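S.K.: Here is the input, now give the coordinates:
(one chain, ligands or ions: 1)
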Amino acid sequence: MTEQGEAQPAGRGAAEGAPSRAGTEIPRAERGPASTRVAVLGPGRIGRQIALAFALGGCPVVVLDLKPRPAGEAVAVFEDCCREIERDLRLMTEEEVVSAGDAAAALDRIRTSIAVEEVADCGFVQEALPEVIELKREVFRSLSGRLAPEAVIASTSSTISPSHLVEAVTGADRFLVVHWLNPAHIIPLVEVVPSPKTSEAAVARTLALLDGLGKVPVRCGDSPGFIGPRMQVLLMNEAARLVEEGVATAEDVDRAFKAGMGFRYASVGIFEFIDWGGVDVLYRASRYMANALGDPRFLPARSVEEKMERNELGPKTGRGFFDYAGEGRERFETEKVRALLRQLRRQREA
Ligand SMILES: NC(=O)c1ccc[n+]([C@@H]2O[C@H](COP(=O)([O-])OP(=O)(O)OC[C@H]3O[C@@H](n4cnc5c(N)ncnc54)[C@H](O)[C@@H]3O)[C@@H](O)[C@H]2O)c1
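M.R.: Have a look, this model is predicted:
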């Protein structure tokens, strides 16, 4: 199903591996049961948010702290975790994102524990341990023999390919990366990254479960950094370089980002914007930047050069990364302008 106003992907014209609009759609009938019992391993920054996201979606959740700690420290960790979850629920209620009743019900669904045996009756286990491959592997090994046969095991790694973790998991076919974005209870996107060994059944169950929570799961290939982190690592380092070089202050880079790219990309995808702005604009900007800054990392991508050669520049030539044949251009531009105007109105009203 293509949303109204969205242009169709350009068949052979689309970049290989480019996101397809049809890529991760979930038929209504397959949307996941909210009753799945979930274990979250690690009550840290993202783990507590993930627990809240599942609980808000109706899932009973146990948050496990498996770190060996002196007595009393685990209590303090869980107190901090619960305090933050309660604070986030209060903020969600105050901002009228959830009702007071739903917030109370979500809180009731969350338990904490230090007993690894708790994973036994969970249908979905979400690891949220530090981004250290060996530590994640060690904890996956400790789960061996404790999991229900049909349980899905997910790592929340921000960058690590599932194929670099899977060897430590008993039952490679039920393992994948499920990457949430901070704050996980708010941001809709969740990237779902199977390894070549992951079964389609495990992927389908994961997509359906996330969709049932009201999230926007997007499936992508087994590649370091997936979609978001790969782009974001470049963006964040470029922001740091701008400040290092004295081009702008950190405050002004943030101000420019929020008022410019942040505002735009809430309603317009990257490929949609390449097309809308014009592939030729990106091509020339890339070459100028590479030359002026003496840095080949700014050079245009191969698919951008190919689009230039084929005069597939976006709506103005009827095709870019997507098709704009017939009424496509007018429909696309009208819908994007409307979306941005609605966003502007909401921002002014806030
Ligand atoms: N923080 C973010 O913004 C964010 C966003 C997306 C994904 N991630 C990913 O999520 C994962 C967790 O990140 P985080 O920021 O929540 O980390 P964190 O340090 O806040 O939390 C990690 C958790 O792991 C536990 N832990 C630490 N050492 C352990 C051990 N030896 N044995 C068992 N448990 C141990 C800690 O008690 C803690 O609860 C990482 O892979 C990270 O890349 C983080």
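
S.K.: Beyond the one helix or strand residue 91 maps to, next helix or strand please.
M.R.: Assigned by DSSP states H and E, residue 91 falls within helix 73-94. Helices and strands here follow DSSP H and E; after helix 73-94, the next one along the chain is helix 100-108.

S.K.: Now that following helix: buried residues?
M.R.: Across helix 100-108, burial judged by 16 or more other C-beta atoms under 10 Å covers 102-103, 106. Any C-beta I mention is one placed from the backbone N, CA and C, and that applies to glycine too.

S.K.: What of stretch 186-204?
M.R.: Within stretch 186-204, the residues that count as buried by 16+ other C-beta under 10 Å are 190-195, 197-199, 202-203.

S.K.: which of the residues you listed sit farthest apart?
M.R.: 190 and 197 (20.7 Å; C-beta to C-beta).

S.K.: what's the helix or strand residue 241 falls within in contact with?
M.R.: Using DSSP H and E, residue 241 maps to helix 228-244. Residues outside helix 228-244 that contact it (C-beta atoms under 8 Å, 6 or more residues apart in numbering) are 158-159, 179, 181, 189, 191, 223-225, 248-250, 253, 257, 270.

S.K.: And for stretch 277-293?
M.R.: Applying C-beta under 8 Å, 6+ apart, the external contacts of stretch 277-293 come out as 274, 295-300, 304-305, 307-308, 312-314, 316, 320-321.

S.K.: In ChimeraX, select just the buried ones from these.
M.R.: Buried members of these, defined by 16+ other C-beta under 10 Å, are picked up in ChimeraX with:
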select :274,298,300,304,307,308,312,313,314,320,321
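
S.K.: Against residue 168, how distant is residue 226?
M.R.: Distance of residue 226 to residue 168, given as C-beta to C-beta, to the nearest Å: 20 Å.

S.K.: So for these two, which residue has more residues nearby?
M.R.: More neighbours surround residue 226 than the other of residue 226 and residue 168, with 24 against 19 (other C-beta atoms under 10 Å).

S.K.: Tell me the pLDDT of that one.
M.R.: On the pLDDT scale, residue 226 is placed at 97.

S.K.: pretty sure it is in contact with residue 191, am I right?
M.R.: Yes. With contact defined as C-beta atoms under 8 Å, residue 226 and residue 191 form a contacting pair (4.7 Å).

S.K.: Give me the subset of the contacts of helix 228-244 that also touch the ligand.
M.R.: Residues of these in contact with the ligand (C-beta under 6 Å from any ligand atom): 158, 179, 181.

S.K.: The last one: what's it in contact with?
M.R.: For residue 181, the contact set (C-beta under 8 Å, 6+ apart) comprises 187, 189-190, 228.

S.K.: now, which of those sits nearest residue 122?
M.R.: Closest to residue 122, out of all of these and judged by C-beta to C-beta, is residue 190, at 18.0 Å.
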